[in-house]
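# Quick one, structure for this:
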Amino acid sequence: MLSVDETILKRGLTEKQKDTKMADVPEKQIKRMRSLIQEAETSLAAVKELLISLVGEDPNIVTHAKDDNLGKSVEGVFDGQNMVGSDGKMYPVPANYASKSKLVQGDILKLTIADDGTFLYKQIGPIPRKQVVGNLELKDGHYFVIVGERSYRVLLASVTYFKAKPGDQVSINIPEDDDNTEWAALEAAL
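Prediction:
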């Protein structure tokens, strides 16, 4: 692919004509295009890293990479906000991951801590769940969904994603056996 300068030389345009052609494209659009290219390059790099972590350097190999190559791994239970690891430690689960994955209190997660300190979560054991409908409320800066006599906390990230407001009717996922459940996963704003 020819650069702008090569194209100009090939077409026999003068410097003045070149400047006129570039002036036709607003600076704002050029900045936006550069930004989009940067975002695309970042996304491609992330996809390449993920692919390498799954299949290794050789794309012909279909086996998964060993955990010891990726660092330490810990399994645990999602408590609504964090993962309580089998080692007894609490590990923070990003709210956007928990919201997007619609994690329910009690789900089993696997955390891989990469050598560079990156936390990679994967849901490996979803528990049986049921969907119920309730009303969203805001109390003391925390969001709750009221279903009959019960109250379930929901993540702020889910509320903002669905653009829900206090008083809205929402559907939530809760464990099928929900005797002591404090947290729910927001499924949708109705």
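# Now Ala114: closest residue in space that isn't a chain neighbour?
Gly71 (4.5 Å; CB to CB, 6 or more residues apart in numbering). C-beta: built from backbone N, CA, C; applies to glycine.
# Quick check: that neighbour touching Thr112?
Yes - judged on CB atoms under 8 Å, Gly71 makes contact with Thr112 at a distance of 6.1 Å.
# tell me the pLDDT at Ile37?
Listed pLDDT for Ile37 reads 80.
# Revised request: answer the last question for Leu54.
Confidence at Leu54, expressed as pLDDT, is 62.
# Please enumerate residues in contact with the one helix or strand Ala98 maps to?
Taking DSSP states H and E as the definition, one finds Ala98 inside helix 95-101. For helix 95-101, contacts defined as CB atoms under 8 Å, 6 or more residues apart in numbering pick out 78, 81, 103, 121, 123, 155-158, 161, 185-186.
# Only whichever of those residues are buried, select them in ChimeraX.
A single ChimeraX command selects the buried members of the contacts of helix 95-101 (16 or more other CB atoms under 10 Å):
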select :78,81,103,121,123,155,157,158,185,186
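# out of the contacts of helix 95-101, what pair is the most spread apart?
Gln123 and Leu156 (20.4 Å; CB to CB).
# State which strand of this protein is the longest.
Secondary structure of the chain per DSSP state E: the longest strand is strand 129-139.
# Pairing partners for that strand, with directions?
Strand 129-139 has its sheet partners listed here by DSSP bridges as strand 142-147 (antiparallel), strand 169-175 (antiparallel).
# Can you pull out the residues in contact with it?
104, 143-148, 151-152, 154, 159, 164-176, 178, 185, 187, 189-190.
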